[in-house]
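A.B. asks: Take this sequence and fold it.
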Amino acid sequence: MGGAVLYDYWRSSASYRLRIALNLAGINYTSVTVDLVKGEQTSPEHLARNPQGFVPVLEIDGLRLTQSLAILDYLDETRSLGLLPRAPGQRARARALAHSVAVDVHPVCNLQVAKHATALSGGAKDMPKAWMQHFIRPGLQAFEALLAGFSQEPYCTGEIPGLADICLMPQLYNARRWEADFSDLPRICAVEAACADHPAFAAAYPAQDS
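C.D. replies: Residues are numbered from 1 along each chain as shown. Next up, the predicted model:
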């Protein structure tokens, strides 16, 4: 199998980020599904790729890379994607914006975490949905406030899509999935509209395997 290979799952937020970035970089890749519902992430074959048992895993440039944020850094550095502003202060603030979703909201809203919380609660009705809403909306409200420090033109931190956009869009997909309303957050809604019109984002949108 030649070229880049992305081991992903259609509904994985972290995989979604990588699909966007690979599209932005114009990198042709082969997608190999690791079915999280069927538990394929814990198979010996996948654990040999990533001992954490997570997706995505990207094979590229003779490397096997894990952790979406680390892979995004690699693609940015090797493909000059311009995912972060040049000024150190703005770079730090842009990373903080992206990490507010990818590091703070996403991990606690991982379905595996929500299912475990549901089990500990005794299987309370609507527990996963209530859990997701409890974390997603406040996280998006904070993101909206943080966006006020940037001039949106029209993306989160400038004229071209950046790291924050790549992290935000999968979280908005999850917000809609779990009915966590963000329609009253105008900056986020404007960014979502801009990203939705960008071919790299549109092509990365989750499409369930047939």
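
A.B. asks: Which of the helices and strands in the chain ranks last by mean pLDDT?
C.D. replies: Counting by mean pLDDT, DSSP states H and E, the weakest-scoring helix or strand in the chain turns out to be helix 111-120, with a mean of 79.

A.B. asks: I'd like to check the angle between the following helix or strand past that one and helix 111-120, please.
C.D. replies: Using DSSP states H and E, the next helix or strand after helix 111-120 towards the C-terminus is helix 127-147. Between helix 127-147 and helix 111-120, the angle comes out at 130 degrees (axes from the mean of the first three to the mean of the last three Cα atoms, to 10 degrees).

A.B. asks: ok, and for the least confident helix or strand of the chain, which residues are buried?
C.D. replies: Leu111, Ala114, Thr118 (16 or more other Cβ atoms under 10 Å). (Each C-beta comes from the backbone N, C-alpha and C, glycine too.)

A.B. asks: name the helices or strands packed onto that helix?
C.D. replies: Counting contacts by 3 or more Cβ pairs under 8 Å, 6 or more residues apart in numbering; DSSP states H and E, helix 111-120 packs against helix 127-147.

A.B. asks: Run through the neighbouring helices and strands of the helix it packs on.
C.D. replies: Using 3+ Cβ pairs under 8 Å, 6+ apart as the test, helix 127-147 ends up in contact with helix 88-99, helix 111-120, helix 163-177, helix 186-196.
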